[in-house]
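Q: below are the sequence and a predicted model for it; my questions follow.
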Amino acid sequence: MSSLAEKIDSLPSLRTTVDAHGLLAQKSLGQNFLLNRNITDKIVSCSLSAQNLQNFQGSHVYEVGPGPGGLTRSVLCKEPDKLTVIEMDPRCISIMEELQSKSGNIMEIINGDALQYDFSTSENSPKHIISNLPYNISVPLLSKWLQQIKSYQSLTLMFQKEVADRILAPIRCKDYGRISILAQLQCNIIRLFDLNPECFVPAPKIWSSVLLFQPKEKVLFPEIISKLEKLTALAFSQRRKMIRQSLKNIPNFEAICAELGISLTSRPEELSPEQFLEIAVRI
């Protein structure tokens, strides 16, 4: 009996699949397809290697926006116990069903909106999310997953490079902001590699980056996340102003800063994620 990897490798090429289904990427859905299996295999292998894993055996993997299924094929070849794909575009469902016919009961297909799907349901298996994220919902999805990060063993996500730069940005940097703070407090983050626009169909105007997120040992409680989000929204909505001005309406703010040794003349990008956390804990 042939292995699942052999069954997947026997399928028509991704480009042939796209042509057969008349699948043109839709800008309204943020679609840019990866049709090169070498690249999708690299995404999966680099993620596993960085986690010191050989495969996804024993794990439940989720993929958002699988499109023509290039990354889906690469994940299936690494033997997850279960793979759930969430796809909003009904045109892609028939492609997923073809993959499902090869993989049997490993695959679950959900035709719906990933922003409305609850990924954090309790189960015993380790959970991984891996996705070439639709550009137009990448940050809202990441924010949602960061709030539930204890539910996952890893997130392997592709973003526009400029978004990845914001996520990884250090303090005193123009890219540093709200998503940098929440992501860096919740996760250890590695940039696995960058991708040239020519890797995609159609080619976007910008580069992309693949990031690996792994939860920190101690993650934030929901009420602290909520306070952090409000605090950073206030601060970075007026990022050129000193915090004594942008955060003046926070009760006891001056006393909190005095206790923490934070200068009121600082601007938001001069405060570390840990300093924002210390303020949030006290309000």
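A: The structure has been received and is ready for your questions.
Q: how about the closest residue to Ser122 other than its chain neighbours, what does it touch?
A: Here the nearest residue to Ser122 in space, its sequence neighbours aside, is Ser151; by C-beta to C-beta, 6 or more residues apart in numbering that works out to 8.0 Å. C-betas here are computed from N, CA, C, even on glycine. Shown in contact with Ser151 (C-beta atoms under 8 Å, 6 or more residues apart in numbering): 119-120, 122, 127.
Q: so which of those comes closest to Phe159?
A: Closest approach to Phe159 among the contacts of Ser151 (C-beta to C-beta): Phe119, at 17.7 Å.
Q: just give me the neighbour total for that closest one.
A: Residues near Phe119, counting by other C-beta atoms under 10 Å, number 19.
Q: phi and psi next, for the closest residue to it other than its chain neighbours.
A: Spatial nearest neighbour of Phe119, excluding adjacent residues (C-beta to C-beta, 6+ apart): Tyr62 at 5.9 Å. Backbone torsions of Tyr62, given as degrees, to the nearest 10, read phi -120, psi 140.
Q: how close does Tyr62 get to Phe56?
A: The gap separating Tyr62 from Phe56 is 11 Å, by C-beta to C-beta, to the nearest Å.
Q: do you know how far Glu79 is from Ile106?
A: Note on Glu79: its distance to Ile106, by C-beta to C-beta, is 9 Å.
Q: Val210 too?
A: According to C-beta to C-beta, Val210 stands 24 Å off from Ile106.
Q: residues making contact with stretch 157-169?
A: Here stretch 157-169 makes contact (C-beta under 8 Å, 6+ apart) with 43, 129-133, 135, 138-139, 142, 175-177, 179-180, 183-184, 189, 191, 194-195, 204, 206-211, 213.
Q: and Cys199, what's its pLDDT?
A: Cys199 is assigned 90 on the pLDDT scale.
Q: returning to what we had before: which ChimeraX command selects the buried ones in the contacts of stretch 157-169?
A: The following ChimeraX line selects those of the contacts of stretch 157-169 that are buried, judged by 16 or more other C-beta atoms under 10 Å:
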select :43,129,130,131,132,133,135,138,139,142,175,176,177,179,180,183,184,189,195,204,208,209,210,211,213
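Q: return the subset of the contacts of stretch 157-169 lying in strands.
A: Cross-referencing these against strands under DSSP state E gives 129-132, 189, 191, 194-195, 208-211, 213.
Q: confidence-wise, which of these comes last?
A: Asn132 (92).
Q: now do the buried residues in the helix or strand hosting Arg166.
A: Secondary structure assigned from DSSP states H and E places Arg166 in helix 161-168. Buried residues in helix 161-168, counted by 16+ other C-beta under 10 Å: 161, 163-168.
Q: what's the answer for stretch 84-94, then?
A: Neighbour-count burial for stretch 84-94, counted by 16+ other C-beta under 10 Å, picks out 84-89, 92-93.
Q: what is the nearest of the residues you listed to Glu254?
A: Nearest to Glu254 among these is Ile86, at 46.3 Å by C-beta to C-beta.
Q: any idea how far that closest one is from Pro126?
A: 19 Å.
Q: thinking again about what came up before, shared neighbours, Glu79 and Ile106?
A: Leu4.
Q: count the neighbours of Gly261 for me.
A: By the criterion of other C-beta under 10 Å, Gly261 has 8 neighbours.
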